[in-house]
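In: Using only what follows, build the 3D model:
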Amino acid sequence: MADPKMTESSPMLDEEGDGQSCDVRNCISWRQTAENRITYKVMSTIALLGHMTWYFYCVRSSVTLLVIGAIFLVKVVIEIWGQDTPTWACPGNPCLFLAVYTLLFPYLLG
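Out: From the prediction side, this is the model:
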């Protein structure tokens, strides 16, 4: 027997198609549809290149750190563009994207 609360319609879902309500599941869900992934891949790549440019500038006197940074950059770009499921390098929602690229990367590279 189905729980009536689970089948009950939410006022935030646009099930009638009248355009008066908003389906918030797309904003908060961890996994998105494939057509939305290209946006996150581009944004993640741009943010990564910005962080790595700053990193390369800071370690320009050390060849070893430059090589490590280059390998890390290639690895993360392959991770971003090589799969369609969300990862830490290319999140699937705005909250996680901001957390990774405003908190995690500055901490790792700082």
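In: Y40: how many residues sit nearby?
Out: By other Cβ atoms under 10 Å, 19 other residues sit near Y40. In short, each C-beta sits where N, CA and C put it, glycine included.
In: same question for the longest helix seen in the chain, mean pLDDT?
Out: Ranked by number of residues, the top helix in the chain under DSSP state H is helix 34-58. Mean pLDDT, helix 34-58: 88.
In: Please list the residues outside that helix that contact it.
Out: With contact meaning Cβ atoms under 8 Å, 6 or more residues apart in numbering, helix 34-58 is reached by 26, 32, 66, 69, 72-73, 76-77, 80-81, 84, 86, 89-92, 97, 101, 105-106, 109.
In: could you point out which element follows that helix?
Out: The helix or strand immediately downstream of helix 34-58 is helix 63-81, counting by DSSP states H and E.
In: Packing partners of that following helix?
Out: Packing contacts for helix 63-81, counted by 3 or more Cβ pairs under 8 Å, 6 or more residues apart in numbering; DSSP states H and E, involve helix 34-58.
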